[in-house]
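> Turn this into a structure:
(one chain, ligands or ions: 1)
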Amino acid sequence: MSRKIINRRAFLQNATLASLSLRGIAARAEGSQTRSLSFVHTHTGERVSETYFDNNGYVTESLGRINRLLRDFRTDDIHAIDVRVLDILHDLQTLTGHEAPYEIISGYRSPKTNAALRRSSAGVAEHSFHMQGRAIDVRLSGYATSRLHELALTLRRGGVGFYPRSDFVHLDSGPVRFW
Ligand SMILES: [Zn+2]
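Residues are numbered from 1 along each chain as shown. Down below sits the predicted model:
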């Protein structure tokens with residue numbers, strides 16, 4: 001057997017493997033490409049259910065409706081929410097295996113609201129991320145918040161804070177840290 005033939009066989013095998021694995025990746029992408037989230041806001045009672053990511057990427061109209069729900073409900077100021085926060089929420093919900101809306105305690109906070117909150121409570125270093133649309137305070141309807149917190153820690157993406165007395169988890173797209 002000549003060296004040439006061996007090489008050709010090896011090439012064909014590699015090409016077949018490459019094509020199979022590409023097809024596998026494409027199939028996985030087709031199956032899992034969409035990302036959806038449902039929210040109910042605890043202060044306004046508003047609800048949205050959106051597929052905010054599909055085969056074409058992030059869906060601008062859906063993000064708009066999500067941004068609106070996650071606005072500063074005290075001032076009605078709207079700010080774009082970092083899609084990484086939405087992806088954290090999406091992946092966290094997948095880990096729970098629990099289909100239910102996220103209950104929103106706090107999303108975006110305007111400088112005015114943040115200043116007011118700082119006056120009324122101490123230790124609000126985390127709030128800067130809320131002011132950048134990069135943080136969210138949530139619980140998952142019908143799911144233990146302590147368990148949600150544990151799963152959020154396993155993601156190792158951004159900041160994770162647990163507030164058991166108020167029954168919510170703070171999540172942000174900042175550096176990995178926890179409290
Ligand atoms: Zn927070």
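> burial count for Pro175?
Using other CB atoms under 10 Å, the number of residues around Pro175 comes to 7. To be clear about C-beta, it is placed using only N, CA and C from the backbone, and glycine gets the same treatment.
> how close does it sit to Asp137?
Here the criterion is CB to CB, to the nearest Å. By it, Pro175 lies 18 Å from Asp137.
> Let me know the pLDDT of Asn114.
Residue-level confidence at Asn114 comes out at 88, pLDDT.
> should've said Ile5
We have a pLDDT of 51 for Ile5.
> And Arg118, by the same measure?
Arg118 is assigned 84 on the pLDDT scale.
> Tell me how far the residue of the chain found nearest the ion lies from Arg139.
With CB to the ion as the measure, His170 is the residue of the chain nearest to the ion, at 3.4 Å. Applying CB to CB, one obtains 11 Å for the distance of His170 from Arg139.
> Show me which of the two is the more surrounded one.
His170 (25 against 21).
> wait, the more buried one sits on Tyr163?
Yes: when contacts are counted by CB atoms under 8 Å, His170 is listed as touching Tyr163 (6.8 Å).
> Can you report how many residues lie near Val59?
Val59 sits with 17 neighbouring residues when counted by other CB under 10 Å.
> Need the nearest residue in space to His98, chain neighbours excluded.
In space, and not counting its chain neighbours, His98 is closest to Tyr143: 4.8 Å by CB to CB, 6 or more residues apart in numbering.
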